[in-house]
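> fold the following for me, if possible:
(chains A and B)
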Amino acid sequence: MSDAPERPLPFSLGQNPNLDDWIRVDAERTVTVRTGKVELGQGITTALSLIAAEELDLPLSRIRIETADSARAPNEMMTVGSMSIEQSGSALRQAAAEARRLLLDAAAARLEVSRDGLTVGDGVVVAPGGERVSYWELQGGRPFGVPVTAAASPKAAAEHRLVGKRAPRLDLEGKVLGSARFVQDLRFDDMLYARVVRPPSRDATLAEVDDAPVRAMEGVVEVVRDGSFLAVLAEREQQAIEAAATLREHARFDGAAPLGDPEGLHRRMAGNLRGSYPLVDGTPMEQPVPPLEVPEGAVHTVQASYTRPYIMHGSIGPSAAVALSEGDHLTVWSSTQGPALLAPSIALVLGVAPDVVRVIHVEGPGCYGHNGSDDAAMDAALCARAVPGRHVKLQWSRADEHAQEPYGPAMRMDLQASLDGGGRVVAWSHDVYSSTHMGRAIPFGRRSSLLAANQRAEPLRRPSPRAALRPQSGIHRNADPYYAFPQPRVIKHLSAEAPLRTSSLRGLGAFGNVFAAESMMDELAVAGGLDPVALRLSHLEDPRGHAVIEACIERAGPPPGRGPDPQRPRGRGFAYSRYENYKCHAAVLVELEVDLASFEIHLLRAVIAADSGQIIDPDGLDNQLEGGFVQAASWTLLEQVGFDGDAITSLDWESYPILRFDQVPEVETVLIDRPDEPSLGAGEATTGPTPAAIANAVFDATGARLRETPFTPARLRTALFG
Amino acid sequence: MSTVELTINGESQRVEVSPETPLLRVLRDHLDLTATKEGCGLEQCGACTVLVDGEARMSCKLPVGEAAGAAITTLEGLGTRESPHPLQQAFIAENAAQCGFCTSGILVRAAALLERNPDPSDAEIRTALRDNLCRCGAHNRVVRAIRRAASGGAP
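Presented below is the predicted three-dimensional model:
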């Protein structure tokens, strides 16, 4: 490991250059590493600890990791978009390499030997003559006090002894023994419990409430009303639950805005637009939409429209937060994805200086994007301000969570593609319609998307959605084909404001766009009498994409055939995408059985192949890829948010079912390691190919083409028999 | 309000509470046993599963008065760091979770399954866990971990 010439610093280091913000040598034989990212159950604390332990020549057990806290560096904004390994991982690797270099310099000076012959094991630096000194003797409890300079070179992949090997999850023991505390489990002396009573829809208002009966209930300490924001605080959680139910009975709400008819939702989307933006080299542009044409030479042209409904994040635990108002300061414990953004966003709503609010991350149930966590934090903050000096834990009910979380938006994808007589795609058009996937609170301007902010007596209005004109942002994520098609026509359409509240759900637009594009690939293959996998390979220039597709097909083995029961035909389907066209390559193959009596689809087997560059922890990667498949399979087969004239009707797990243990198929995963390539985000990589692989397998089994998720028995029956 | 006597994880407990209060609330709010989770409060997700006289029961709507006199086991009572339950060892060995919020209820239900059926098939495991929801998609790892525990720790 020689010192290299200066290279550009990883982005997060440029933002947070102090070495002490990343790495601290503790007094007691451990090293503390800090990240601006948070653990969401994706295993990021384990992966980042591995990277630091690798560079510092320490066993994993010597690493302590601290995650995001808005009051201290490093600030890495949010834990989103499968970017934590790319961003925090590359920063920590460089910081740890730098720390090791400084420690070796100090050791050489202390031992009065040349730096060149020093070796390190378990934090002890040993000279060729046997003299030794430990990291803790050299630096224990003392800051480095220097910026990271990019002067140190991280290890080459061939030198890795931890990175790339299966690691035990650091956070799992506490979760399995029951000692881990999620934000829902935090306890402080003197803590009060709060529940909210929300209007039935987001535009409804609280007309009047008689809180006297509730104030008389045992344990009730306070009723907080601020405009249409209404909550009750009690000594015990059960008292708060009962008081909230009573409070609702004594509240009258007005002006529920109609949510519209879900039946015509996708038809209306295309007729009610805020703007249309053709993609030029992947970037949406404010310019005229080119006409849709069929080129000369087109022999087979296929046109089809695909849709997905509103989908929930559906965390298993309802959103919660703890807040404490003390003097001028407010501290919030939250499972938010972005403490550094949430703190100033809460401050904006409260009209206080940004540094008055501190948000500390505490683990919550998996969120898979922007769920209710941030809203619950805002709710808790409002409640805590009513009882200064006491911690307040606020938790939503299950119905609150189902009805109030910001959903993944409904989408419609209109595709048209043409083949020439030689099996080449000569035209490709993809129009995607959606409301915004970008509903997070941002601490700028005079607006807020936090629910309670819109409901206070002096509300901040919610932001008016604007089209994000960047490559791969929400609606058009993965709409731009990764195949070599001549001049693809790809148009992003931002629908006018949706009747339901929407924001970022795992994969954002990629689920809808890849569902449509990879279904169309099979539809084209059928039209042209081509093999669908061969059609993909013949239009894919990236050899890493080829390798992933071939690995998936090879693992899958020979096709299983129709199966023994003609009333239960079997089929196989395949799909591929590269997430955001520059992250993880993922191929998904599905085998399933269709019950022609009940029109139910039973998944039998799935094979995933992926290339996410250098693998940090293969088991963590496997867990993310398979988890993404299972979740996307659940969206595809079962999930849609129900609503009628003025209210959400999916209020529990019976009215919004998700995939159960006996519906999840066996999954095999093939990982292609590229030790000398950068690590690429993988947490969302399988969500796009999964619905297309299932649709293609249903077609293979039955000849029925499903283009609307979820693939309900009614839709399958219609596709088969009209 | 009355005094309810409970046996939880082998220890006698007396709580001053209405007998109608759900057992889940007594565990979490009165006894600070927070491994048992509130997922829905509707007996629909299984996050609150505990053992009542060896039987897996959801505790979110179970009146505490009905549990008086029974032997109640929560995840905290299944094993300890020093002496973990074979299922806890197996879940760690298989990294059988993502966020871990549903894990408590799944472990407790799996413990009841193995008491009843020490060598369950994959299909029997999946059927037994039908009422426990997992949103992260760790299902297959969970099944592998239960099978590992059933086979004495071998993968």
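> can we go C-alpha only for contacts and neighbour counts from here?
Noted.
> can you pull the pLDDT of A:Gln395?
Looking at A:Gln395, its pLDDT is 98.
> ok, now which ones touch it?
A:184, A:193-196, A:318-321, A:376 (Cα atoms under 8 Å, 6 or more residues apart in numbering or on different chains).
> for ChimeraX, what selects the buried ones among the residues you listed?
In ChimeraX, this line selects whichever of the contacts of A:Gln395 come out buried by 16 or more other Cα atoms under 10 Å in any protein chain shown:
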select /A:184,193,194,195,196,318,319,320,321,376
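> CSV for the contacts of A:Gln395, including secondary structure and pLDDT?
Output for the contacts of A:Gln395, formatted as CSV (DSSP: H, G, I helix; E, B strand; the rest coil; pLDDT from 0 to 100):
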residue, secondary structure, pLDDT
A:Gln184, helix, 98
A:Tyr193, strand, 98
A:Ala194, strand, 98
A:Arg195, strand, 98
A:Val196, strand, 98
A:Pro318, coil, 98
A:Ser319, coil, 98
A:Ala320, strand, 98
A:Ala321, strand, 98
A:Ala376, helix, 98
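> near chain B, which of the contacts of A:Gln395 show up?
Restricting those to those within reach of chain B (Cα under 8 Å from any Cα of the partner chain) leaves A:Pro318.
> count the neighbours of the closest residue to chain B within the stretch 601-722 of chain A for me.
Going by Cα to the nearest Cα, chain B is nearest to A:Gly627 of the stretch 601-722 of chain A, at 4.0 Å. A:Gly627 has 27 neighbours, counted by other Cα atoms under 10 Å in any protein chain shown.
> out of the contacts of A:Gln395, what pair is the most spread apart?
A:Gln184 and A:Val196 (15.2 Å; Cα to Cα).
> what residue ranges in the stretch 501-650 of chain A score low on pLDDT?
Low-confidence segments of the stretch 501-650 of chain A (pLDDT under 70): none present.
> up against chain B, what does it have?
Counting by Cα under 8 Å from any Cα, the stretch 501-650 of chain A sits next to chain B at A:623, A:626-631.
> among these, which lie within strands?
Using DSSP state E to define strands, no part of these is located there.
> now, which of those sits nearest A:Glu237?
A:Gln631 (31.3 Å).
> show me what stretch A:638-657 is in contact with.
The contact list for stretch A:638-657, computed with Cα under 8 Å, 6+ apart, reads A:200-201, A:256-262, A:309-312, A:398-400, A:402-403, A:658-659, A:709-712, B:40, B:44-45.
> may I see the buried residues of that stretch?
Residues A:638-643, A:646-653, A:656-657 are the ones in stretch A:638-657 that count as buried (16+ other Cα under 10 Å).
> just stretch A:355-364 next, same as before
Neighbour-count burial for stretch A:355-364 flags A:356-364 (criterion: 16+ other Cα under 10 Å).
> equivalent analysis for stretch A:185-195, please.
In stretch A:185-195, counting by 16+ other Cα under 10 Å, buried: A:185-187, A:191-195.
> now do the same end-to-end measure for it.
Terminal residues of stretch A:185-195 lie 15 Å apart, using Cα to Cα, to the nearest Å.
> so what's the gap between that stretch and the chain middle?
Per Cα atoms, centre = their mean, to the nearest Å, the displacement of stretch A:185-195 from the mean C-alpha position of its chain is 28 Å.
> which residues sit against it?
By Cα under 8 Å, 6+ apart, stretch A:185-195 touches A:231-237, A:240-241, A:244, A:322, A:380, A:383, A:390-397, B:34.
> coming back round to it: what is the neighbour count of the closest residue to the residue of the stretch 601-722 of chain A closest to chain B other than its chain neighbours?
Closest residue in space to A:Gly627, ignoring its immediate chain neighbours: B:Gly137 at 4.0 Å, by Cα to Cα, 6 or more residues apart in numbering or on different chains. Residues within reach of B:Gly137, counting by other Cα under 10 Å, total 27.
> B:Gly137 reaches A:Ala632, doesn't it?
No - applying Cα atoms under 8 Å as the test, B:Gly137 and A:Ala632 come out as separate, 9.4 Å apart.
> related to what we said a few turns ago, of the buried residues of stretch A:355-364, which belong to helices?
Assigned to helices by DSSP state H, none of those qualify.
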